[in-house]
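Undergrad: Next input, structure requested:
(chains A, B and C)
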Amino acid sequence: MYLVFDLETETYSSHKRKASPFDSRNHVVARGWKAQNDTKCSYEYYGADRTKTYLRIPDQTTMLVGYNIKFDLLWEMANGNPDLHSFYKRGGKIWDCQYAEYLLNAQHPDSQMAALTDVAPLYGGTKKIDAVKALWEAGCKTVDIPEDLLIDYLVGTEEESRNGGDIRNTELAFLGQIQRAIRLGMLKMIQDRMDSLLATTDMEFRGLHVDVNEAKRRLNILNAELAEAEAELAQYIPDDLPFEFNWGSKYHASYIIFGGTAKYSKQTTYIDEATGELARLKTKERHYVHADGSTHPTEPGIKYLSGKNKGEYKTKMVDVPGELKVKYQDFTYKFPGYTEPKDEWATKNVDAVGLPVYQTNSDVITEISIRNIPFLKVLSKKQALDKEIGTYYLRFDEKKKEYVGMLTCVQPSDKMLHHKLNHTSTVTTRLSSSDPNLQNLPRGDKSEVKAMFDSRFGEDGEMIEADYSQLEVVVQGVLSGDKNLCDFLRAQIDFHCKRVAAKFGIAYEDALVWCKDENYPDYKMWKARRTGCKEFSFQRAYGAGAPAIAAATGMSLSDVEELIEAEEALFPGIVEFNALVESAVKKSAVPFQSPNDAGQWKTYRRGFWQAPTGTMYSFRTYDAQEWQRKRGITDSFSPPEMKNYPVQGTGGEFVQGILGLLWRHFISKDFYNGRAYLVNTVHDCVWADVHKSVRDEVAADMKRIMESIPEYYNNRYGMKIDVPFPVEVEYGPNMNKLHHWKQPG
DNA sequence: TGGGTGAGCGCC
DNA sequence: AAAAGGCGCTCACCCA
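TA: Numbers count the residues shown, from 1 in each chain, chains lettered A, B, ... in the order given. The predicted model follows:
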């Protein structure tokens, strides 16, 4: 039996969370629900009463249904709902209509983060009551919304017999989605992903513990380095510069390196068109009056002969020219530049005289670094420091008058950071992360940012990270079934060394030693060669063509083409699989209208490919390339997208399936009696925060469950996966100090 | 002043 | 024959 529910809460934002359940100013204002056989919705209105309330979940309930249900679940967890854990423990499931809609529509951008008011009408539901939304948008607090109106919004009006509103709309969407899911062969897949949503909801609720002292210590060091870099850079700013130079500006950086004309404005005097003279303010001054009627500011003239001022000098107020007037006017300043740019570095932006502004990114800086430009090194350093401080630590933004950076998301009271893991924001079904994004933290070899993430259990705790090795290569093997690839995967071949061996005509066994054994005499050279091959394989995985790979790796085009040819000969199954996807996409293509780059409406197509698990991927066409146009082709699918989505998406799907299994396991263990929590996931890895006393048990369980992908998908989906999904587990005091974990004994 | 955009860059 | 995948965040700049 299902139970639909929804909450209306107070909406204060803190730490980038709207209506945050972690903000003590917020509370549940009203709650609505409807069980499967109810003929109308139920509700409770609590108004300003801040007593913690919770949803009763009857024992016969097997599924909770909601719209963006993570929000409501987080509130139930924050309020300490006593029914939730036992509901989960007896196998209770969820259905999030927002997530289902996104998957049913093949992750079409219009279905990403879709609103209930847009989805409900598709299933016979109604649009939301605009008045409530308008009140919220006008800054009205939820408690100040009239009770009648809020309840109508939540469960429908009395005329609708309270069988309407968000609750009924959610129920209608749910029932319709189930039918669609069955028809499309997607039910099992969606249900599995709903369990992953439970896992990430739990991760958000638990949050990450931040060692604020460590963060501050590191921030101080970075700020000192930044000040030093800026002081050094200051000497390269022209002495006569009439405006403030900003090294952080891409425009300024381009001008000073490549030359260019900056536009700046300053307040200065100007010619009054009426008089032809410098414009001045008008002002009044008291002057002495002389007998001839003239006036003078200092020399007295005639006196009053009578009246109350009798005997005093006669004066009057006269208009005189005042201060010179100033206004903002645009000026230009030309920088000579240090070196010549390449045409291909031009950006779309132009300087004050219409010449292009050039890229000053790290690739460009690297390329011109041999040209003896004095400040390049320290400029790169400043750019890197700006990025690290502003994104991952804390910086006061003078323009916004507020702090920016990841540390703004840390709650001062308990040093916890509740990030977001989003399930409906990508075209490939991958998860995304935001507020802050914990999926793009700099790696340990680049920065110490990760050191601030430590255990909530203090000295008694540790962090665990469990990673799939070469997940996308394994998935490529599963999808294509390519014999050689699968053989290599089963033999645990290091693909990068394999490529080194092929490219340099040496034995694979030699490549393994030469690239990995630090004691081998030419280790450094071979390691670099392996890194080059690694880059090649990443580019290949993304579906990149030969010219792109050549540009990225610095290899010659013919070398790259040779490598690609060798790959295709070695893995013919991949070529076949790619062709299969392409033909399915083209066969299923349906036309749609969309504006092109020039803003004119044009006909494009959208085609589909469905994975063995049921996940649907959709691809749109783009304006054809010039050489295609000559042959009468107007639009075409993107080969890189068709090669990449199935692999990236299926990898993501496997990890999500596993997140669900991991979370179910943690639930069954009562989170190891409150001593271990899943806290984050980054595409092919999972983080946990554990008490040391259960570390080995948790690590072993995680490894076992994560490596069970073949078993799980073969049983549940009838797949025939016969390659391993090896997982490496690491642990340590924080996320920057991890070492390899091995099963004890 | 505030939203939108492009460039740039962090991760997988 | 040809085609560089997926995200989110910060910054500067533009424009309404």
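Undergrad: contacts and neighbour counts: CA atoms only from here.
TA: Fine.
Undergrad: and residue A:622, what is it in contact with?
TA: Going by CA atoms under 8 Å, 6 or more residues apart in numbering, residue A:622 touches A:604, A:635-638.
Undergrad: Mind checking which of those residues land in strands?
TA: Among the contacts of residue A:622, the ones falling in strands (DSSP state E) are A:604, A:635-637.
Undergrad: Any residue of the lengthiest helix in chain A touching DNA strand C?
TA: Counting residues, the longest helix found in chain A (DSSP state H) is helix A:639-668. Yes - counting by CA under 7 Å from any atom of the strand, DNA strand C is contacted by helix A:639-668 at A:639-641, A:644-645, A:648.
Undergrad: picking that back up, also within reach of DNA strand C: list those from the ones in strands among the contacts of residue A:622.
TA: Near DNA strand C, by the rule CA under 7 Å from any atom of the strand, you find A:636-637 out of the ones in strands among the contacts of residue A:622.
Undergrad: In the ones in strands among the contacts of residue A:622, find the pair that's most separated.
TA: Spatially, the most separated pair among those is A:604 and A:637, at 9.6 Å (CA to CA).
Undergrad: so what's in contact with those two at the same time?
TA: A:620-622.
Undergrad: State the mean pLDDT of stretch A:90-101.
TA: Over the span of stretch A:90-101, the pLDDT mean works out to 97.
Undergrad: Kindly report the same for stretch A:211-222.
TA: The model assigns stretch A:211-222 a mean pLDDT of 94.
Undergrad: Identify all contacting residues around it.
TA: With contact meaning CA under 8 Å, 6+ apart, stretch A:211-222 is reached by A:385, A:389, A:393-394, A:415, A:448-449, A:451-454.
Undergrad: cool, stretch A:587-599 as well?
TA: A:600-608, A:623.
Undergrad: before we move on, what about stretch A:4-22?
TA: The contact list for stretch A:4-22, computed with CA under 8 Å, 6+ apart, reads A:23, A:25-36, A:64-67, A:69, A:72, A:74-75, A:78, A:141-143, A:154, A:166-167, A:170-171, A:408-411, A:435.
Undergrad: which phi and psi does residue A:474 have?
TA: Residue A:474 has phi and psi values of phi -60, psi -40 when expressed as degrees, to the nearest 10.
Undergrad: residues contacting it?
TA: With contact taken as CA under 8 Å, 6+ apart, residue A:474 is in contact with A:486, A:489, A:723-725.
Undergrad: list the buried ones in stretch A:327-345?
TA: Using 16 or more other CA atoms under 10 Å as the test for burial, stretch A:327-345 gives A:333-335, A:341.
Undergrad: quick revisit: so which of the shared contacts of residue A:604 and residue A:637 are also by DNA strand C?
TA: Checking the shared contacts of residue A:604 and residue A:637 against DNA strand C by CA under 7 Å from any atom of the strand, not one of them is in range.
Undergrad: Out of the residues you listed, flag the one nearest to DNA strand C.
TA: residue A:622 (8.2 Å; CA to the nearest atom of the strand).
Undergrad: Do you have the helices of the stretch 1-150 of chain A handy? List them.
TA: A:69-78, A:84-89, A:97-104, A:116-119, A:130-137, A:147-155 (DSSP state H, counting those that start in this stretch).
Undergrad: ok, residues contacting the shortest one?
TA: I take that to be helix A:116-119. A:67, A:98, A:101, A:126-128, A:166, A:169-170, A:173.
Undergrad: Just the buried subset of these, please.
TA: Buried positions within these, assessed by neighbour count (16+ other CA under 10 Å), are A:67, A:98, A:101, A:126, A:128, A:166, A:169-170, A:173.
Undergrad: possible to save the residues you listed as CSV with distance to residue A:423?
TA: Output for the buried ones among the contacts of helix A:116-119, formatted as CSV (distance: CA to CA, whole Å):
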residue, distance to residue A:423
A:67, 13
A:98, 9
A:101, 11
A:126, 25
A:128, 23
A:166, 21
A:169, 21
A:170, 18
A:173, 18
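Undergrad: For stretch A:431-448, measure first residue to last.
TA: Length of stretch A:431-448, first residue to last, CA to CA, to the nearest Å: 25 Å.
Undergrad: ditto for stretch A:391-400
TA: With CA to CA as the measure, the ends of stretch A:391-400 fall 15 Å from one another.
Undergrad: Just confirm residue A:147 contacts residue A:44, I think it does.
TA: No - with contact defined as CA atoms under 8 Å, residue A:147 does not reach residue A:44; the gap is 10.5 Å.
Undergrad: The two - which one has more neighbours?
TA: For residue A:147 versus residue A:44, neighbours defined as other CA atoms under 10 Å are more numerous around residue A:147 (16 against 13).
Undergrad: Quick one: residues contacting the closest residue to DNA strand C within the stretch 51-200 of chain A.
TA: In the stretch 51-200 of chain A, the residue that lies nearest DNA strand C is residue A:109 (7.7 Å; CA to the nearest atom of the strand). Residues near residue A:109 by CA under 8 Å, 6+ apart: A:426-427.
Undergrad: Roughly how far does it sit from residue A:596?
TA: 16 Å.
Undergrad: what does residue A:296 give?
TA: Distance from residue A:296 to residue A:596, by CA to CA: 72 Å.
Undergrad: Residue A:283 now?
TA: Separation of residue A:283 from residue A:596 (CA to CA): 58 Å.
Undergrad: Residue A:437 too?
TA: For residue A:437, the distance to residue A:596 - CA to CA - is 31 Å.
Undergrad: again with residue A:521
TA: Residue A:521 sits 56 Å away from residue A:596, going by CA to CA.
Undergrad: How about residue A:662?
TA: 45 Å.
Undergrad: quick one, which of these two is more surrounded?
TA: Taking neighbours as other CA under 10 Å, residue A:662 and residue A:596 compare with residue A:662 leading, 23 against 13.
Undergrad: Among the shared contacts of residue A:604 and residue A:637, pick out the one closest to DNA strand B, please.
TA: Lowest distance from DNA strand B to the shared contacts of residue A:604 and residue A:637 (CA to the nearest atom of the strand) belongs to residue A:622, with 16.0 Å.
Undergrad: can you tell me the average pLDDT over the helix or strand hosting the closest one?
TA: Secondary structure from DSSP states H and E places residue A:622 in strand A:616-623. Mean pLDDT, computed over strand A:616-623, is 93.
Undergrad: Tell me the residues of chain A that contact DNA strand B?
TA: A:250, A:347-349, A:358-363, A:384, A:387, A:439-443, A:446, A:682-685.
Undergrad: Tell me which residues touch residue A:70, please.
TA: For residue A:70, the contacting residues are A:197-198, A:201, by CA under 8 Å, 6+ apart.
Undergrad: Looking at those residues, spot the one nearest DNA strand B.
TA: Comparing these against DNA strand B with CA to the nearest atom of the strand places residue A:197 closest, at 18.6 Å.
Undergrad: other SSEs contacting the helix or strand containing the closest one?
TA: Per DSSP H and E, residue A:197 falls inside helix A:187-206. Helix A:187-206 is packed against helix A:69-78, strand A:93-96, helix A:165-184, strand A:420-422, helix A:639-668, strand A:676-681, with contacts defined by 3 or more CA pairs under 8 Å, 6 or more residues apart in numbering; DSSP states H and E.
Undergrad: Return the most buried member of those.
TA: A comparison of the helices and strands packed on helix A:187-206 by mean neighbour count, using mean count of other CA atoms under 10 Å, puts strand A:676-681 on top with a mean of 26.
Undergrad: What is the distance between it and the centre of its chain?
TA: When distances are taken as CA atoms, centre = their mean, to the nearest Å, strand A:676-681 is centred 19 Å away from the chain's centroid.
Undergrad: Point out where chain A drops to low pLDDT.
TA: Residue ranges of chain A with pLDDT under 70: A:328.
Undergrad: Dump stretch A:599-612 to PDB, keeping only the CA atoms.
TA: Below are the C-alpha coordinates for stretch A:599-612, written out as PDB (Å, rounded to 0.1, in the frame of the first residue of the first chain):
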ATOM      1  CA  GLY A 599      17.800  32.500 -33.300                       C
ATOM      2  CA  GLN A 600      15.800  31.200 -36.200                       C
ATOM      3  CA  TRP A 601      13.500  28.300 -35.700                       C
ATOM      4  CA  LYS A 602      14.700  25.100 -37.400                       C
ATOM      5  CA  THR A 603      13.700  21.500 -37.500                       C
ATOM      6  CA  TYR A 604      16.000  19.100 -35.600                       C
ATOM      7  CA  ARG A 605      15.600  15.500 -34.600                       C
ATOM      8  CA  ARG A 606      15.700  13.600 -31.300                       C
ATOM      9  CA  GLY A 607      16.500   9.900 -31.300                       C
ATOM     10  CA  PHE A 608      16.800   7.200 -28.600                       C
ATOM     11  CA  TRP A 609      18.700   4.300 -27.400                       C
ATOM     12  CA  GLN A 610      17.600   2.000 -24.600                       C
ATOM     13  CA  ALA A 611      20.100   0.200 -22.400                       C
ATOM     14  CA  PRO A 612      19.700  -3.400 -21.400                       C
END
